[in-house]
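Trainee: my questions are about this predicted structure, shown below with the sequence.
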Amino acid sequence: MQKYYIGADIGGTTIKMAVITEQGSIHDKWEIPTNHEDNGERIPEEITVSLKEKLPQLNIRMSQVLGLGAGAPGFVDTEMGFVYQTVNIGWKDFDLAKILNKKTGLPIFVDNDANLAALGEKWKGSGEDADNLIAVTLGTGVGGGIVANGTVINGANGTGGEIGHITVIPSGGASCNCGKTGCLETIASATGIVRLAKEAIKRNPDSILSNYFSPDDPLTAKEVFDAAAEGDKEAKEVLAYVTDILGMTIANLAIACNPSKIVIGGGVSKAGEKLLIPLRETFDKYALPRTSEACEFAIAELGNDAGVIGGAFLVKQNI
């Protein structure tokens, strides 16, 4: 009898869910809205209801499900499946695994959503099943996960792998949502790139960058890459600064954990080789030569499916 895993990627707007085979292929996937009422307390019930509605439609019995792996956007005690805090959902000291287990009857495993994306890319994406991998997600913020010797690093209290909150500007840096200043997220995220580009426009209003910006048409990170491709000096300087900071940060991480794969995902990664080539150059500048020799860069392949596939892999690892 065919067995399945369930992956659930819990985000601030939607919860992505999928039924995944033991071999790692998506049998079916769907989304439900994230309910923020009562500080997100209804979410486990709504995941359960959705699952119990969907499985009969797929002719799958609950007894065929080996477990559910869930990703939460916050700090997680992975041994207990306990979520300490999720700013964009409202959970604080929330016993997600226990509640979901009680409602579904399934074995439940929980980790940070970025860690699950890293596991997904490792298992079925561009990580190519590497046992030592760094995954960096460049979106509105900067997320990440580190896999060492086949296991994702969580740390003593769930903050391992929080790459976006490494301090890269020791003093005078921009404020970050985490409460610190000068975090990598303030530089290398889409938001950070746009902030730096707007500062460049103020310095030179005649730049090509300024043609992309108006109060009615907000600037995007993609447009900064487009302006750089057109030869705009300010855009090129912004991206050179971003890739230098990002490349140095990843190089320092790589010296610590010696990965064979570095996977770059998120919306900014859609720049492809325009991002990857200069990033690799700066990485090589800062990394130990032997560390660099062992390491391959790749753009993430799984997109929005990385989290649910990572959730399935989390179950696979633990049952």
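Mentor: Yes, it's here. Numbers count the residues shown, from 1 in each chain.
Trainee: let me see the contact set for the residue nearest to the spatial centre of the chain.
Mentor: Nearest to the mean C-alpha position of the chain, by C-alpha atoms, centre = their mean, lies Ala114 at 3.7 Å. Contact partners of Ala114, counting by C-beta atoms under 8 Å, 6 or more residues apart in numbering, are Gly71, Ala135, Thr137, Gly143, Gly144, Gly145, Gly161. The C-beta positions use only the backbone N, C-alpha and C, and glycine is treated the same way.
Trainee: by neighbours, which of those wins?
Mentor: Using other C-beta atoms under 10 Å as the neighbour test, the contacts of Ala114 are led by Ala135, with 34 neighbours.
Trainee: Arg195 contacts Glu185, doesn't it?
Mentor: No. Look at Arg195 against Glu185 with C-beta atoms under 8 Å: they stay out of range, at 11.0 Å.
Trainee: quick one, which of those two is more surrounded?
Mentor: Glu185 (26 against 16).
Trainee: quick check: chain neighbours aside, which residue is closest to Gly24?
Mentor: Lys124 (4.7 Å; C-beta to C-beta, 6 or more residues apart in numbering).
Trainee: count the residues that sit near Asn179.
Mentor: In this structure residue 179 is Gly, not Asn. Applying other C-beta under 10 Å, I find that Gly179 has 8 neighbouring residues.
Trainee: SS state for it?
Mentor: coil (DSSP: H, G, I helix; E, B strand; the rest coil).
Trainee: how much space between it and Glu185?
Mentor: Gly179 sits 12 Å away from Glu185, going by C-beta to C-beta, to the nearest Å.
Trainee: also Ile245?
Mentor: From Ile245 to Glu185 the distance is 11 Å (C-beta to C-beta).
Trainee: likewise for Arg42?
Mentor: Taken as C-beta to C-beta, the span from Arg42 to Glu185 is 30 Å.
Trainee: cool, Ala117 as well?
Mentor: Taking C-beta to C-beta, one finds Ala117 at 16 Å from Glu185.
Trainee: any chance you could map the helices in the chain?
Mentor: Secondary structure of the chain, counting by DSSP state H: helices at 37-40, 43-57, 96-104, 113-124, 185-188, 190-203, 208-211, 221-229, 233-257, 273-286, 289-293, 306-318.
Trainee: okay, these, which one's buried deepest?
Mentor: helix 113-124 (a mean of 29; mean count of other C-beta atoms under 10 Å).
Trainee: so it versus helix 306-318, what angle?
Mentor: Angle of helix 113-124 versus helix 306-318, following axes from the mean of the first three to the mean of the last three C-alpha atoms, to 10 degrees, is 70 degrees.
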